[in-house]
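In: structure for the following, please:
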Amino acid sequence: MLGKLIGAVVGERVSRHVSGINGPGGALLGVGTAALLRRLGPLGMIAALAGGYFVKKHFDKQEQPASPAKHVRRPSAKS
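Out: The predicted structure is shown next:
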C-alpha cells in the first residue's frame, strides 16, 4: 500500500515535466510502475533500467543534428 502511494506521488511529480501526461495520468502510471517493479524482482529491475538507459541514449542520438566536418579546406584568398 505504501509503495502505491509513493508511486502515485512520484508519478504525479514526473508528469509535470512530461508533455501529454497530466497529474492523474502520471499518478496512475506511478501506481502501475510500482506494482510492475514488485513483480519483476531484482533481475527484472536491472534489465528494465538497462533497457531504459539504452532507449534514452538511442533517442538522444537521433535528436542531435549532424556535426559539420572538422577539417574543411577553405581556399585561401591571395591578393
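
In: burial count for the nearest residue to Asn22 once chain neighbours are set aside?
Out: Nearest in space to Asn22, with sequence neighbours left out and distances taken as CB to CB, 6 or more residues apart in numbering, is Ser15 at 6.2 Å. Every C-beta, even on glycine, is put in place using the N, C-alpha and C of the backbone. Residues contacting Ser15 under the criterion other CB atoms under 10 Å number 20.

In: low-scoring stretches of the protein, by residue?
Out: Applying pLDDT under 70 to the chain picks out residues 65-79.

In: one more pass at 90, please.
Out: 1-42, 44-49, 51-52, 55-79 (pLDDT under 90).

In: how near is the residue nearest to Asn22 to Ala47?
Out: To Ala47, Ser15 is 25 Å away according to CB to CB, to the nearest Å.

In: what sits against the residue nearest to Asn22?
Out: Ile21, Asn22, Gly23, Gly25, Gly26, Ala27, Leu29 (CB atoms under 8 Å, 6 or more residues apart in numbering).

In: ok, 6 Å please
Out: Contact partners of Ser15, counting by CB atoms under 6 Å, 6 or more residues apart in numbering, are Ile21, Gly23, Gly26.

In: could you do Leu37 as well?
Out: Going by CB under 6 Å, 6+ apart, Leu37 touches Met45.

In: mind checking which helix or strand it is in?
Out: helix 23-63 (DSSP states H and E).

In: that helix: how far from the chain's middle?
Out: Distance of helix 23-63 from the chain centroid (CA atoms, centre = their mean, to the nearest Å) equals 8 Å.
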